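Colleague: Model the following, please.
(one chain, ligands or ions: 2)
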Amino acid sequence: AVPLVVAISTSVSAKHGLLIRNRTAFENSRNLTTIIFDKTGTLTKGEFGVTRFKSVAEGMEDKDLLAIAAALENSSEHPIAAGIVRKSKELELKLGKPENFQNITGMGIKANLDGKEISILSPGGLKQKEIEQPEGAFKTEDETVVFVLSDEKLIGYIALADEIRDESQEAINTLKKHGIKILMATGDNEIVAKAVSETLGLDGYYSEVLPEDKQKIIKDLQAKGEFVAMTGDGVNDAPALAQADVGIAVGSGTDVAAETADIILVNSNPIDIANLILFGTATYKKMM
Ligand code: ADP
Ligand code: MG
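Modeller: Ligands and ions are numbered 1, 2, ... in the order given. Alright, predicted model coming up:
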């Protein structure tokens, strides 16, 4: 039987854009000791604008590099993709038609274009291929940089900037007041991760995280006795959302993320996440 208070809270929560799939996990949110936020689109706005783009391939102009990248990004739903496509439109670049588009989970995308295999990768993805970052790729601490490869050879990079959401600080402060440790895990680079973490006063962060790492991060914390909530929005987040004691899928997200999460939040507003955790606490207290 469903305890009445929980049933009522569940219907109230629907009005707040909150869908509880696993009531036990929701009730367990009172035990939380740690929350791991994803960065892009949750703590930050997820609205990227291109700040710089550079070809490092002989005879290729910077604009050609951007056109190649934008041709692929047309098929991607990542916030980075929207920024790159927008820039190509501003510059009125003519884009080719890629074939065999694929997401490389948590690392980037790839497709065939004009007889070449093009990939666009995170710094972590580049590192995994043991390719060194070109000099000058990172200039400022608030830029996210992605790397463009043609047939596994680096041909250039694109820098983009995102912004911290106005609501993030308040959400972090609220959670901190309740003694919850706040961490961030992101596929983005070390410099950006550090800057966001320091600005918001987080207790720590993990950068250049690959999909399989997120689950392990949670396991390790749980082994130390931590009770862990995690937010995520992508396919790559599904194993970690399942591993977490409270898995929270945010934003429109993907179906895979939503299917493995305990709780689904329609908006990716971090204040909703803070409220949800406090709401779980209040619901439980009423039942006592
Ligand atoms: P996050 O949500 O923290 O950005 P993701 O797992 O969605 O984590 O992506 C990890 C990293 O992979 C991104 O930070 C970016 O560097 C790279 N990436 C993912 N998708 C794309 C894309 N469409 N274009 C370029 N880079 C991408
Ligand atoms: Mg993501």
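Colleague: Look up how far ligand 1 lies from residue 23.
Modeller: 28 Å (CB to the nearest ligand atom, to the nearest Å). Just so you know, the C-beta spots here come from the backbone N, C-alpha and C atoms, and that holds for glycine as well.
Colleague: Ignore what I typed, I meant residue 69.
Modeller: Counting by CB to the nearest ligand atom - residue 69 and ligand 1 are separated by 8 Å.
Colleague: Can you show me the helices along the stretch 101-250 of the chain?
Modeller: Remark: helices assigned in the stretch 101-250 of the chain by DSSP state H, counting those that start in this stretch are 123-128, 168-177, 190-200, 211-223, 238-243.
Colleague: which one of those helices has the most crowded surroundings?
Modeller: When the helices of the stretch 101-250 of the chain are scored by mean count of other CB atoms under 10 Å, the highest mean neighbour count falls to helix 238-243 (a mean of 22).
Colleague: For that helix, name the packing helices and strands.
Modeller: Counting contacts by 3 or more CB pairs under 8 Å, 6 or more residues apart in numbering; DSSP states H and E, helix 238-243 packs against helix 211-223, strand 228-232, strand 246-250, helix 255-260.
Colleague: which one of the ones you listed lies closest to ligand 1?
Modeller: Nearest to ligand 1, of all these, is helix 211-223, at 6.6 Å by CB to the nearest ligand atom.
Colleague: interface residues of the stretch 101-250 of the chain facing ligand 1?
Modeller: Taking CB under 6 Å from any ligand atom as the contact definition, the stretch 101-250 of the chain meets ligand 1 at 106, 107, 108, 109, 120, 122, 146, 186, 187, 188, 234, 236.
Colleague: can you put the helices and strands packed on helix 238-243 in TSV and add mean pLDDT?
Modeller: Converted to TSV, those look like this (pLDDT from 0 to 100):
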stretch	mean pLDDT
helix 211-223	93
strand 228-232	92
strand 246-250	90
helix 255-260	72
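Colleague: ok, of the residues of the stretch 101-250 of the chain next to ligand 1, which come out buried?
Modeller: 106, 107, 108, 109, 120, 122, 146, 186, 187, 188, 234, 236 (16 or more other CB atoms under 10 Å).
Colleague: For ligand 1, what is the nearest residue in the stretch 151-288 of the chain?
Modeller: In the stretch 151-288 of the chain, the residue that lies nearest ligand 1 is residue 187 (2.4 Å; CB to the nearest ligand atom).
Colleague: Now tabulate the helices and strands packed on helix 238-243 in TSV and tack on distance to residue 62.
Modeller: Formatted as TSV, the helices and strands packed on helix 238-243 follow (distance: least, CB to CB, whole Å):
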stretch	distance to residue 62
helix 211-223	31
strand 228-232	34
strand 246-250	35
helix 255-260	35
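Colleague: you'd agree residue 103 is up against residue 72?
Modeller: No. Counting by CB atoms under 8 Å, residue 103 does not reach residue 72; the two are 10.8 Å apart.
Colleague: Overlap in contacts, these two.
Modeller: Taking CB atoms under 8 Å, 6 or more residues apart in numbering as the criterion, residue 103 and residue 72 both touch residue 109.
Colleague: So which residues of this protein form strands?
Modeller: 18-20, 34-38, 49-55, 99-104, 108-113, 116-121, 143-150, 153-161, 181-185, 204-206, 228-232, 246-250, 263-265 (DSSP state E).
Colleague: Name the strands paired with the last one and say parallel or antiparallel.
Modeller: The reference is to strand 263-265. Strand pairing for strand 263-265, using DSSP bridges, gives strand 18-20 (antiparallel), strand 246-250 (parallel).
Colleague: Please identify the deepest-packed of those strands.
Modeller: strand 246-250 (a mean of 28).
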